[in-house]
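Chemist: Let me see the structure of the following:
(chains A and B)
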Amino acid sequence: GNSVTQMEGPVTLSEEAFLTINCTYTATGYPSLFWYVQYPGEGLQLLLKATKADDKGSNKGFEATYRKETTSFHLEKGSVQVSDSAVYFCALKSDFGNEKLTFGTGTRLTIIP
Amino acid sequence: GAGVSQSPSNKVTEKGKDVELRCDPISGHTALYWYRQSLGQGLEFLIYFQGNSAPDKSGLPSDRFSAERTGGSVSTLTIQRTQQEDSAVYLCASGSPGTGGEKLFFGSGTQLSVL
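Modeler: Residues are numbered from 1 along each chain as shown, chains lettered A, B, ... in the order given. Sure, this is the predicted structure:
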């Protein structure tokens, strides 16, 4: 079945550091890939997505590229801010029928000033 | 409303009691999910409804858990004979599959505390 493996957390970085949160997946077919974010005290929300190989999703300075050859969708940001502190979830949705959206376990990110 | 609405926002119950959690999805969304999030933990998938298809119940942790979705809209998650390990935030999300992949909208959750 489909699965998502995320970088174990928690991750703590200093402000303006470079961020990478690794995500790899196992899926049949050609899934769509997502990053969701949960800020403290808020609900989960979509951060970015990519629907086919080599697509790059981007939002709020974050980027992730759909790499089919390595089955990866790593999240990156060049210079993190304190306001980026949150829990980040990688997810995939198979293109087969009624397959559900599958989430990774989440990575807690803390940015210190 | 404009978003996914869940009620109650908080529920405190005694061990052994039954509870019902309600989710009002965004109008027109065919997909509806229930997840559970324990303190500091990731998302645990519970159940997935998609249109008129049979629900994917593969994530329900025991037969004390059940969910229904009436008329393709409102959903109720029922937990019978609650246990302390059921304490968590129960999240509902809705979405519509289509081109560009499925985007889910999450409710604020129901914080369940079993004493």
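Chemist: So, low pLDDT: which residues of chain B?
Modeler: For chain B, the stretches flagged by pLDDT under 70 are B:1, B:40-41, B:97-102.
Chemist: Flag every residue of chain A that's near chain B.
Modeler: A:32, A:34, A:36, A:43-46, A:49, A:51, A:89, A:93, A:98, A:100-106, A:108 (CB under 8 Å from any CB of the partner chain). For glycine as for every other residue, the C-beta is placed from the backbone atoms N, C-alpha and C.
Chemist: Mind doing that once more with 6 Å?
Modeler: A:S32, A:G43, A:L44, A:L46, A:K49, A:T51, A:K93, A:N98, A:K100, A:F103, A:T105, A:G106 (CB under 6 Å from any CB of the partner chain).
Chemist: Just checking, which of these comes out lowest on pLDDT?
Modeler: On pLDDT alone, A:N98 ranks lowest of these, at 65.
Chemist: circling back to that earlier point, take the residues of chain A next to chain B and keep only those in helices.
Modeler: Among the residues of chain A next to chain B, no member falls in helices (DSSP state H).
Chemist: Throw those residues into JSON lines and include neighbour count, thanks.
Modeler: Output for these, formatted as JSON lines (neighbours: other CB atoms under 10 Å in any protein chain shown):
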{"residue": "A:S32", "neighbour count": "23"}
{"residue": "A:G43", "neighbour count": "17"}
{"residue": "A:L44", "neighbour count": "26"}
{"residue": "A:L46", "neighbour count": "19"}
{"residue": "A:K49", "neighbour count": "22"}
{"residue": "A:T51", "neighbour count": "18"}
{"residue": "A:K93", "neighbour count": "24"}
{"residue": "A:N98", "neighbour count": "16"}
{"residue": "A:K100", "neighbour count": "21"}
{"residue": "A:F103", "neighbour count": "22"}
{"residue": "A:T105", "neighbour count": "17"}
{"residue": "A:G106", "neighbour count": "25"}
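Chemist: Make CSV from those and add distance to A:I112 to it.
Modeler: Output for the residues of chain A next to chain B, formatted as CSV (distance: CB to CB, whole Å):
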residue, distance to A:I112
A:S32, 34
A:G43, 25
A:L44, 24
A:L46, 26
A:K49, 29
A:T51, 35
A:K93, 34
A:N98, 43
A:K100, 36
A:F103, 27
A:T105, 23
A:G106, 20
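Chemist: Please identify which of these is nearest to A:T20.
Modeler: Comparing these against A:T20 with CB to CB places A:G106 closest, at 15.8 Å.
Chemist: Let me see the contact set for that closest one.
Modeler: A:V87, A:F89, B:G42 (CB atoms under 6 Å, 6 or more residues apart in numbering or on different chains).
Chemist: Distance to B:L115, neighbour count and secondary structure for these - can I get that in a markdown table?
Modeler: Formatted as a markdown table, the contacts of A:G106 follow (distance: CB to CB, whole Å; neighbours: other CB atoms under 10 Å in any protein chain shown; DSSP: H, G, I helix; E, B strand; the rest coil):
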| residue | distance to B:L115 | neighbour count | secondary structure |
| --- | --- | --- | --- |
| A:V87 | 27 | 22 | strand |
| A:F89 | 30 | 23 | strand |
| B:G42 | 25 | 18 | coil |
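Chemist: Tell me the bridge partners for the closest residue to A:E8 other than its chain neighbours.
Modeler: Closest residue to A:E8 apart from its sequence neighbours, by CB to CB, 6 or more residues apart in numbering or on different chains: A:T107 at 7.3 Å. Per DSSP bridges, the residues bridged to A:T107 are A:Y88.
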